[in-house]
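# got a predicted structure here, sequence first:
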Amino acid sequence: MTTTAGIWPTGVARTEERLADSAGLDEMTSLEVLILLNRQDATVPAAVARQLPTVARLVDAADAALAAGGAIHYFGAGTSGRLAVLDAVELLPTFNLGAGTVIPHIAGGDTALVRAVENSEDSEDEGAAAAAGLGPHDVAIGLTASGRTPYVGAALRAARRAGAVTALITNNPGAALSADVDLAIEVDTGPEALTGSTRLKAGTAQKLVLNGFSTALMVRRGRVWSNLMVSLVATNAKLRDRTVRILAEATGRNLDLSHEALVRADGDLKKALVATLCDVDVDVAHRALTESSGSVREAIRALTP
């Protein structure tokens, strides 16, 4: 029987094959189950590593899109959609990212975050509608373990017609939707220990790819300095304390002096950091940051004789 790349003669995707090592899963002790799952999980980082050159190309494309005033859109259903939402919402407090910069879309809407709306993934109309507002400066990233989810496919096709850069994150090599995108990130995690349960290895791989993509993108956008979260939004006591410690770590000043510098900067860690390292007042630091699009390193370079 003739097969399509990534699809076996039975029509079963790679992520839906049975794993021989877990055939006796229901007869194992709790510890044996956990050891098996852990051994399978250990194979995921290597599978992700093989796709990093393509992920890097996506980071560069997304950086260019944001520089041009565009936005990054994630599209997913089920586990993939929830992982997309998780990654997107955590960028705001970690990197002070404005709303509308990285936007997640999940099949079934907000309801699907807490309750499975499985049939929604089959709606091409919903997927196309979710991508209706995209334009040529945007990036659309579809997430689907099987690589053939109708909601995701329709969204990506609509985005591509609008001129957006399109990418697919899938766990099925040769996935059907790979031919419809500019960049296909195919992380081959193989069959799951629990057949077809892509919340396991496939989900872990997608989270690793998203974490890497968004973190590298924020680094490119000047949202960090060295390896410090200098764009952190201090919305509670724990995070306010963290900003003081980050400033102290970055400048070598003690905690009291760092706290005073933050007070002078109205709690803005970047302004306090540039002002302290360059020995300038907060207004000068603010102007330098504005002219450098918020990059601490570029602001320091501009203020250093």
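Thanks, I have the structure now.
# alpha carbons only: can I get stretch 295-305 in CSV?
The C-alpha trace of stretch 295-305 is given here as CSV (Å, rounded to 0.1, in the frame of the first residue of the first chain):
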residue,chain,number,x,y,z
SER,A,295,17.7,47.7,25.0
VAL,A,296,19.8,48.1,28.1
ARG,A,297,23.0,47.1,26.4
GLU,A,298,22.4,49.6,23.6
ALA,A,299,21.5,52.3,26.0
ILE,A,300,24.7,51.7,28.0
ARG,A,301,26.8,51.7,24.8
ALA,A,302,25.3,55.0,23.8
LEU,A,303,26.1,56.6,27.2
THR,A,304,29.6,55.1,27.5
PRO,A,305,32.4,57.5,26.2
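# in that stretch, what counts as buried?
In terms of neighbour count (16 or more other CB atoms under 10 Å), stretch 295-305 has its buried residues at Ser295, Val296, Ala299, Ile300, Leu303. The C-beta positions use only the backbone N, C-alpha and C, and glycine is treated the same way.
# ok, which stretches of this protein are helices?
30-41, 44-49, 52-67, 78-95, 111-114, 124-130, 150-161, 201-220, 237-251, 255-264, 269-278, 282-291, 296-303 (DSSP state H).
# can you redo those as JSON lines with mean pLDDT and distance to Glu17?
Shown next, in JSON lines, are the helices of the chain (pLDDT from 0 to 100; distance: least, CB to CB, whole Å):
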{"stretch": "helix 30-41", "mean pLDDT": "98", "distance to Glu17": "13"}
{"stretch": "helix 44-49", "mean pLDDT": "98", "distance to Glu17": "15"}
{"stretch": "helix 52-67", "mean pLDDT": "98", "distance to Glu17": "24"}
{"stretch": "helix 78-95", "mean pLDDT": "95", "distance to Glu17": "18"}
{"stretch": "helix 111-114", "mean pLDDT": "90", "distance to Glu17": "26"}
{"stretch": "helix 124-130", "mean pLDDT": "96", "distance to Glu17": "26"}
{"stretch": "helix 150-161", "mean pLDDT": "98", "distance to Glu17": "21"}
{"stretch": "helix 201-220", "mean pLDDT": "98", "distance to Glu17": "12"}
{"stretch": "helix 237-251", "mean pLDDT": "94", "distance to Glu17": "44"}
{"stretch": "helix 255-264", "mean pLDDT": "96", "distance to Glu17": "54"}
{"stretch": "helix 269-278", "mean pLDDT": "96", "distance to Glu17": "49"}
{"stretch": "helix 282-291", "mean pLDDT": "96", "distance to Glu17": "52"}
{"stretch": "helix 296-303", "mean pLDDT": "95", "distance to Glu17": "47"}
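# now render those helices as CSV, adding distance to Pro104.
Converted to CSV, the helices of the chain look like this (distance: least, CB to CB, whole Å):
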stretch, distance to Pro104
helix 30-41, 24
helix 44-49, 20
helix 52-67, 14
helix 78-95, 4
helix 111-114, 10
helix 124-130, 10
helix 150-161, 12
helix 201-220, 10
helix 237-251, 23
helix 255-264, 32
helix 269-278, 26
helix 282-291, 28
helix 296-303, 28
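# out of the ones you listed, which gets nearest to Gly24?
helix 30-41 (8.9 Å; CB to CB).
# hmm, back to that, what's the farthest-apart pair in the buried residues of stretch 295-305?
Ser295 and Leu303 (12.2 Å).
# so which residue is smack in the middle of the protein?
Leu210 (2.9 Å; CA atoms, centre = their mean).
# hang on, isn't that one packed against Arg82?
No: using CB atoms under 8 Å, Leu210 makes no contact with Arg82, being 11.3 Å away.
# what's the nearest residue to the residue nearest to the centre of the chain if we skip its chain neighbours?
Closest residue to Leu210 apart from its sequence neighbours, by CB to CB, 6 or more residues apart in numbering: Asp87 at 4.2 Å.
# quick check, the one you found in contact with Asn211.
Yes: between Asp87 and Asn211 there is a contact under CB under 8 Å: 6.7 Å.
# so which of the two has more stuff around it?
Just comparing Asp87 and Asn211: by other CB atoms under 10 Å the higher neighbour count belongs to Asp87, 21 against 15.
# what's near enough to touch that one?
Tyr74, Val102, Pro104, Lys207, Leu210, Asn211, Ser214 (CB atoms under 8 Å, 6 or more residues apart in numbering).
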